[in-house]
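Colleague: Build me a model:
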Amino acid sequence: MKKFKIISVIVLILALGIGVYFFFFAVYSNGYRVGTIIKMSERGVIFKTREGQLHTGGVTAGGEGGLASTIWSFSVERGSDEILDKISKAADEQKRVKLFYQEKFYQWAFFGDTKYFIREVEILESKTEAKPLIEKKTESDVEHEADQPSDENTMF
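Modeller: The predicted model follows:
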């Protein structure tokens, strides 16, 4: 009977340990979001957490037919100074970012206000460079066009 009690206590301690690990550290999902940083703050009285908001662009229909912007809230773990520096740089330069995150199963107030914790930041370069609407043709382009047969007067 004594052996059964010892085994039961060991199993109970292992189950409790697995449960604590699961609730504190297990990751539910991984992913990324793209947008512009609109807010970064440090919050909390005893446990300071770093919280931010990302504007992902676009609008969604509100409940009464109005429009609402798409804002995504996230947290940054303590000790992630490199991530905070990149976020700050992107916000200062008003650049779009790709935030890679891990979603936890449960949100603990002393870790952060959200279940989404940033793991990596990629600052995106603008892909929309100003291109001329009308391309200027050189003399050699005009000469080559003259040599080509024209399709203007054909029926097919």
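Colleague: neighbouring strands for the strand or helix carrying residue 30, and are they parallel or not?
Modeller: Element membership for residue 30, per DSSP states H and E: strand 27-43. If you go by DSSP bridges, strand 27-43 pairs up with strand 49-61 (antiparallel), strand 96-104 (antiparallel).
Colleague: now, of those, which is deepest in the fold?
Modeller: When the strands paired with strand 27-43 are scored by mean count of other CB atoms under 10 Å, the highest mean neighbour count falls to strand 96-104 (a mean of 19). In this view, the C-beta of every residue, glycine as well, is placed from N, C-alpha and C.
Colleague: Now do the same for that one: mean pLDDT, whole number.
Modeller: Strand 96-104 carries an average pLDDT of 92.
Colleague: Repeat that for stretch 116-130.
Modeller: In the prediction, stretch 116-130 has an average pLDDT of 78.
Colleague: Stretch 40-51 now?
Modeller: Averaging pLDDT residue by residue across stretch 40-51 gives 86.
Colleague: Can you give me the buried ones in it?
Modeller: 40, 49-51 (16 or more other CB atoms under 10 Å).
Colleague: before we move on, back to that, what's in contact with the strand holding residue 30?
Modeller: Residues from elsewhere that reach strand 27-43 (CB atoms under 8 Å, 6 or more residues apart in numbering): 48-57, 71-72, 84, 87-88, 90-91, 94-105, 113, 115, 124.
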